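Engineer: Let me see the structure of the following:
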Amino acid sequence: MKYIKLFTFVVGFLLGSNLFAGTIIVGATPEPHAVILEQVIKPLKDKGVNLEIREFNDYVIPNMALDDGSISANFFQHQPYLDSFNAEKKTRLVPVAKVHLEPMGVYSQRIKNLKDIKTNAVVAIPNDPSNGSRALKILAKEGLITLKDVPLPSVLDITANSKKLTFKELDAPQLPRVLGEVDIAIINTNFALLANLNPLHDAIAIEDKNSPYANIVVVKKGNENNPDIKALVEVLQSDSIRDFINNHYKGAIIPSF
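Structural biologist: Okay, the predicted model is just below:
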């Protein structure tokens, strides 16, 4: 077993050492992260850095790929999720830049206003601790539930639930698919957009724009000052990318730099 671990470490190290020689591989979820990254390919190439975008459709694999050295950086998550992931998986992944905020929205095919939600309604929320707590906080702000004052409240921390809501916890990418089967679903914007749901027009409630859940570029600890990574951050936080986010997403996604 120790030889297998050693082999895995050496392979990861060798892969990682080849990722910062004028070419970086950045893992991202398709929308909006990969779309935003596509806008930096040319300006980054002008700085002598080639960017390869590797798409993922979940929230676990891109962090594991970063940890094992398969990719140079990733761009899909916010700080609370990263903190939770590092604590659970014992990884050493660190943020290097804030890029944008994706306001989480409440969606329904059955009601037009949260005030109309029925007793015993079924609510679908993400099953990871950070996004699950984020969803619950939206419901608390809307007055549907009361939560204990803890950093990452779960359904076990609900202290008042006058509508007797039932919670269905699912992988975040699955939430748009079950929208017709539940009364409401609270969906991350990147997965909402993939399902042609726009938080500004389709959500019946939306996260406050002062939310701390800005999406970040993340690297493995020790690579924060790599010149290629610094070039990536500089381009991502440029005026042209700010303009692209504002013009392309029209408020559904908000620059956070």
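Engineer: Any idea which residue is closest to the centre of this structure?
Structural biologist: Q77 (3.3 Å; Cα atoms, centre = their mean).
Engineer: So which residues make contact with whichever strand or helix holds it?
Structural biologist: Secondary-structure assignment from DSSP states H and E places Q77 in strand 73-78. Residues from elsewhere that reach strand 73-78 (Cβ atoms under 8 Å, 6 or more residues apart in numbering): 24-29, 33, 36-37, 56, 59, 62-63, 65-66, 85, 96, 99, 130, 190, 212-219, 223, 229, 232. Placement of C-beta: from N, CA and C, glycine included.
Engineer: how about the helices in the stretch 151-257 of the chain?
Structural biologist: 189-194, 199-202, 227-236, 239-249 (DSSP state H, counting those that start in this stretch).
Engineer: which parts of the third one are buried?
Structural biologist: If I follow you right, that is helix 227-236. For helix 227-236, the neighbour count (16 or more other Cβ atoms under 10 Å) marks 228-229, 231-233, 235-236 as buried.
Engineer: Convert it to PDB, retaining C-alpha atoms only.
Structural biologist: What follows is helix 227-236, C-alpha atoms only, in PDB (Å, rounded to 0.1, in the frame of the first residue of the first chain):
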ATOM      1  CA  PRO A 227       4.000  33.600 -12.600                       C
ATOM      2  CA  ASP A 228       1.500  31.800 -14.900                       C
ATOM      3  CA  ILE A 229      -1.200  31.800 -12.100                       C
ATOM      4  CA  LYS A 230      -0.500  35.500 -11.500                       C
ATOM      5  CA  ALA A 231      -1.000  36.200 -15.200                       C
ATOM      6  CA  LEU A 232      -4.300  34.300 -15.100                       C
ATOM      7  CA  VAL A 233      -5.500  36.300 -12.100                       C
ATOM      8  CA  GLU A 234      -4.500  39.600 -13.800                       C
ATOM      9  CA  VAL A 235      -6.500  38.900 -16.900                       C
ATOM     10  CA  LEU A 236      -9.500  37.500 -15.000                       C
END
